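Visitor: when you get a sec, could you give me coordinates for this:
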Amino acid sequence: MAQHDYVIANQTFPSYRNDHNNSLEAGQTKNSGATAPSTTYPYQWWYDTSTNILKIRNADDDAWINFATFDQLNDEFSLTVKDITVTGSGAIPSGTKMLFQQTNAPTGWTKDTTHNNKALRIVNGSVGTGGTNSFTNAFNSTKTVSGTTGTSSVSISGSTASHTLTINQIPAHTHTATGKIVLVGNGGGFDWGGATGTPDTRTTNSTGGSQGHSHSISLTSGSHSHSFSDTFNLDVQYVDFIIATKD
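Guide: As a prediction, the model looks like this:
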């Protein structure tokens, strides 16, 4: 570390050599020191060892401009930049829009307040905007889903299987008739009936076809519907960004 006024005065040879070497060392070490050189020049370099900042003197020779900060422990440095103007493929054209995860736009950019409380969508074609529900309304509030199903009715028709009742399946019963036997005419014949004679009881002849039978059936249900209702909350996590336009 060395600093010098870069003025070589008239002196003896040994002193001149020492003075000259000191000036060369000061230039090689960027005039490094914990305090600024006492004699300064426009565009002069100074490495401030108290802050590890490399500075350059301004054109008016009345102030220092911070150029870079050095991390001597990790052998790294960072440039002190207010704005960068570049040309070619690396330039950021004026009007370019970008996302920033901060409240205020950086220097050289203007915050775009056209859009608010919206989600981002990635597309592989032309960009645009759309939708009607805000981000908060769509995701961060309780929603209720309710409704009624459509009405419907069902008709059932058909007939029972044919079945012949057995004797054991019908109630036990007989049919009887009571009358008198009287003599009719001279032919010796008898007729069951008349008004005289001894009453007699007879059983009627069996009747019926003993055929199987069936019963028709038809059912119709009344139309009906079912109602439903439920709630849910899509409380999705999010990170806020702003859109800024390059000045």
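
Visitor: how close does residue 115 sit to residue 244?
Guide: 12 Å (CB to CB, to the nearest Å). From N, CA and C alone the C-beta is placed, and that goes for glycine too.

Visitor: neighbour-wise, which of those two wins?
Guide: Neighbours of residue 115 and residue 244, each counted by other CB atoms under 10 Å, are more numerous for residue 244; the result is 20 against 10.

Visitor: which residues does the more buried one contact?
Guide: Residue 244 sits next to 97, 98, 100, 105, 106, 109, 110, 111, 112 when contact means CB atoms under 8 Å, 6 or more residues apart in numbering.

Visitor: now with 10 Å?
Guide: Going by CB atoms under 10 Å, 6 or more residues apart in numbering, residue 244 touches 96-100, 102, 104-106, 108-112.

Visitor: which secondary structure state does it sit in?
Guide: Counting by DSSP: H, G, I helix; E, B strand; the rest coil, the backbone at residue 244 sits in strand.

Visitor: and what of residue 25?
Guide: Three-state call for residue 25 (three-state DSSP): helix.

Visitor: burial measure for it, as a count.
Guide: Around residue 25 there are 15 residues (other CB under 10 Å).

Visitor: relative to residue 127, how far out is it?
Guide: 59 Å.

Visitor: what's the pLDDT at residue 152?
Guide: On pLDDT, residue 152 comes in at 77.

Visitor: quick check: it vs residue 239, distance?
Guide: Residue 152 is 48 Å from residue 239, where distance means CB to CB.

Visitor: mind checking the SS state of residue 21?
Guide: Secondary structure state of residue 21, per three-state DSSP, is helix.

Visitor: quick one, what contacts it?
Guide: Taking CB under 10 Å, 6+ apart, we find residue 21 in contact with 2, 4.

Visitor: just for the protein, where's the confidence low?
Guide: Along the chain, the parts satisfying pLDDT under 70 run over 1, 82-90, 177-202, 205, 207-213.

Visitor: could I get the full set of helices for it?
Guide: 13-28, 135-139 (DSSP state H).

Visitor: reformat those helices as TSV; add distance to residue 71.
Guide: TSV is the format used below for the helices of the chain (distance: least, CB to CB, whole Å):
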stretch	distance to residue 71
helix 13-28	22
helix 135-139	41
